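Student: Generate a structure from the sequence data that follows.
(one chain, ligands or ions: 1)
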Amino acid sequence: MQPISRREGDTLWLPALATAHSHAFQRGLRGKAQRKGNPRENFWTWRGAMFDLAHSLTPETIDALSRQAFRELRIAGVRTVGEFHYVHHQPGGQAYDDRTLLADIVIRAALDEGLRITLLRTAYNRGGFEREIEPAQLRFSDTCVDDVLRDTETLLHRYASEPRVRIGLAPHSVRAVPPEWLAPLGQFAEQHNLPLHMHVSEQVREVDECLAETGKRPLEFIADTGLLSARFCAVHATQLSHEEVQMLGRAGAFACLCPTTERDLGDGIANISALRNAGVKLCNGIDSHIVTDPIEELRALETHERLRTCTRVTFSNSGLDPAESLWLEGSFNGAAACGFADVGGEIAINTAHESLRFVEEAQLLDAIVFSGGANTLVRNNA
Ligand SMILES: [Zn+2]
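Tutor: Modelled structure (predicted):
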């Protein structure tokens, strides 16, 4: 096995990192929703704060927040972002004259800040099964699936000659997309060979409501509609059953885990060993930008599993140390989930940094992955 790193003086070169799941505008929530406003705070009360922010956004503030979020990712060693973009329309739901105005702003921000971007055009339509749509959700929603596909076509055409931009499709979730939309979205993605991302089983309530509506659990239902493939990426995958994990593995699909967001939102911890054993390709997402540290994200793919199972060093892959495997998941798998065949270059780690003193040469990557921080270790003059 080729080493994944390259030493040059006091620099260690490593494959650039990717974050396959981001909502850049949520950078505007930093510091918010961290105090008790309800007797029982949870994902759904946090979502209220996020809806308030989404409702207040203008093209100018989306631009400013996206640039800030992407700048921080670049500084932290990320070169590829999968932007799960769902704020499409004006407050109230009316489309902008240029329907893809906000998507274009987000793409421009990523390119200007030195990132490659996969704009995952999100499909959204409803508040949930037997649930009224909330006013803030009107900005996310389209009235018919053809509008989603038309916008995706516009974006595909507009960025066809820009190698740093990919376009993908993202049915938001089984909550927000009616069952009959899934098949046409899947067919379009297959026809154009697009990454297809979807929030899957982040919360127990989502599973319960999907069972009530369809008689199936979310991933079972998604599989039935023909969406699963090696281009499919299940975001979160927190509450999957054993059989759902096997379905994901058989499809050769990705699971994008977002540990710093999932812990902030109280989502729970995915069964990472089961996903690994089933052959699911793991990758990471910075998601809500609660913490911008991609090394912390990839380390949590192992350390959260230690917490969940009360064991240590929960996996080993043939010929690779856990730190190497994690780094490849955070770089190659993340870029691949976004539809890029390569990682987009190398990043330079400062091995002379205080936090790496007294570390043995042979254990340098272990120390970077399990003890390092991207914001202190990644050199930005490289
Ligand atoms: Zn998300």
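
Student: So what's the residue count around Arg308?
Tutor: The tally of other residues near Arg308 (other Cβ atoms under 10 Å) stands at 15. Placement of C-beta: from N, CA and C, glycine included.

Student: Which residue is the nearest non-sequential neighbour of it?
Tutor: Among residues not flanking Arg308 along the chain, Ile269 sits closest, at 4.9 Å (Cβ to Cβ, 6 or more residues apart in numbering).

Student: Give the helix, strand or coil label for the one you found.
Tutor: Per DSSP: H, G, I helix; E, B strand; the rest coil, the secondary structure class of Ile269 is coil.

Student: show me what contacts it?
Tutor: Contact partners of Ile269, counting by Cβ atoms under 8 Å, 6 or more residues apart in numbering, are Thr238, Glu262, His304, Glu305, Leu307, Arg308.

Student: What count of nearby residues applies to Pro3?
Tutor: Residues lying near Pro3 (other Cβ under 10 Å) number 8.

Student: Quickly note the distance from it to Leu365.
Tutor: To Leu365, Pro3 is 9 Å away according to Cβ to Cβ, to the nearest Å.

Student: you'd agree Met247 is in a helix?
Tutor: Yes: under three-state DSSP, Met247 sits within a helix.

Student: Not counting residues beside it along the chain, what's closest to it?
Tutor: In space, and not counting its chain neighbours, Met247 is closest to Ala223: 5.0 Å by Cβ to Cβ, 6+ apart.

Student: That neighbour: how many residues sit nearby?
Tutor: The tally of other residues near Ala223 (other Cβ under 10 Å) stands at 20.

Student: Could you do Glu134 as well?
Tutor: Glu134 has 14 neighbouring residues, counting by other Cβ under 10 Å.

Student: Strands along the stretch 151-300 of the chain, start to end?
Tutor: 165-171, 196-200, 232-236, 254-257, 281-284 (DSSP state E, counting those that start in this stretch).

Student: Reformat the ones you listed as TSV; add mean neighbour count, distance to Leu115 and mean pLDDT.
Tutor: Formatted as TSV, the strands of the stretch 151-300 of the chain follow (neighbours: other Cβ atoms under 10 Å; distance: least, Cβ to Cβ, whole Å; pLDDT from 0 to 100):
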stretch	mean neighbour count	distance to Leu115	mean pLDDT
strand 165-171	25	10	98
strand 196-200	27	17	97
strand 232-236	28	18	98
strand 254-257	28	17	98
strand 281-284	26	15	98
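
Student: closest one to Asp10 among the ones you listed?
Tutor: With respect to Asp10, and counting by Cβ to Cβ, the nearest of these is strand 281-284 at 26.9 Å.

Student: before we move on, back to that, and the contacts of Ile269, which two are furthest apart?
Tutor: Based on Cβ to Cβ, the longest span within the contacts of Ile269 runs between Thr238 and Leu307 and measures 14.1 Å.

Student: Who has more neighbours out of these two?
Tutor: Under the criterion of other Cβ under 10 Å, the comparison of Thr238 against Leu307 puts Thr238 first, with 24 against 11.

Student: ok, now how distant is the more buried one from Glu206?
Tutor: With distances taken as Cβ to Cβ, Thr238 is found 10 Å from Glu206.

Student: wait, what's in contact with Asp98?
Tutor: Asp104.

Student: Confirm that it sits in a helix.
Tutor: No: the assignment for Asp98, made by three-state DSSP, is coil rather than a helix.

Student: From Ala362, how far out is it?
Tutor: Asp98 sits at a distance of 55 Å from Ala362 (criterion: Cβ to Cβ).

Student: any chance of the contacts of Ile269 in JSON lines, with distance to Trp181 and pLDDT too?
Tutor: Shown next, in JSON lines, are those (distance: Cβ to Cβ, whole Å; pLDDT from 0 to 100):
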{"residue": "Thr238", "distance to Trp181": "23", "pLDDT": "95"}
{"residue": "Glu262", "distance to Trp181": "26", "pLDDT": "95"}
{"residue": "His304", "distance to Trp181": "33", "pLDDT": "96"}
{"residue": "Glu305", "distance to Trp181": "34", "pLDDT": "96"}
{"residue": "Leu307", "distance to Trp181": "37", "pLDDT": "95"}
{"residue": "Arg308", "distance to Trp181": "34", "pLDDT": "95"}
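
Student: Show me which of the residues you listed is closest to Ala69.
Tutor: Set against Ala69, the nearest of the contacts of Ile269 by Cβ to Cβ is Glu262 (18.2 Å).

Student: Thr238 is in contact with the closest one, correct?
Tutor: Yes: proximity of Glu262 to Thr238 meets the contact threshold set by Cβ atoms under 8 Å, at 6.5 Å.

Student: Quickly list what's touching both of those two.
Tutor: Common neighbours of Glu262 and Thr238 (criterion: Cβ under 8 Å, 6+ apart): Glu202, Gly268, Ile269, Ala270.

Student: and stretch 3-23, how far apart are its ends?
Tutor: End-to-end span of stretch 3-23 (Cα to Cα, to the nearest Å): 33 Å.

Student: In that stretch, which residues are buried?
Tutor: 4-5, 11-23 (16 or more other Cβ atoms under 10 Å).

Student: Let me know the distance separating the nearest residue to Gln239 once chain neighbours are set aside from Lys216.
Tutor: Closest residue to Gln239 apart from its sequence neighbours, by Cβ to Cβ, 6+ apart: Ser201 at 4.1 Å. Going from Ser201 to Lys216 by Cβ to Cβ gives 12 Å.
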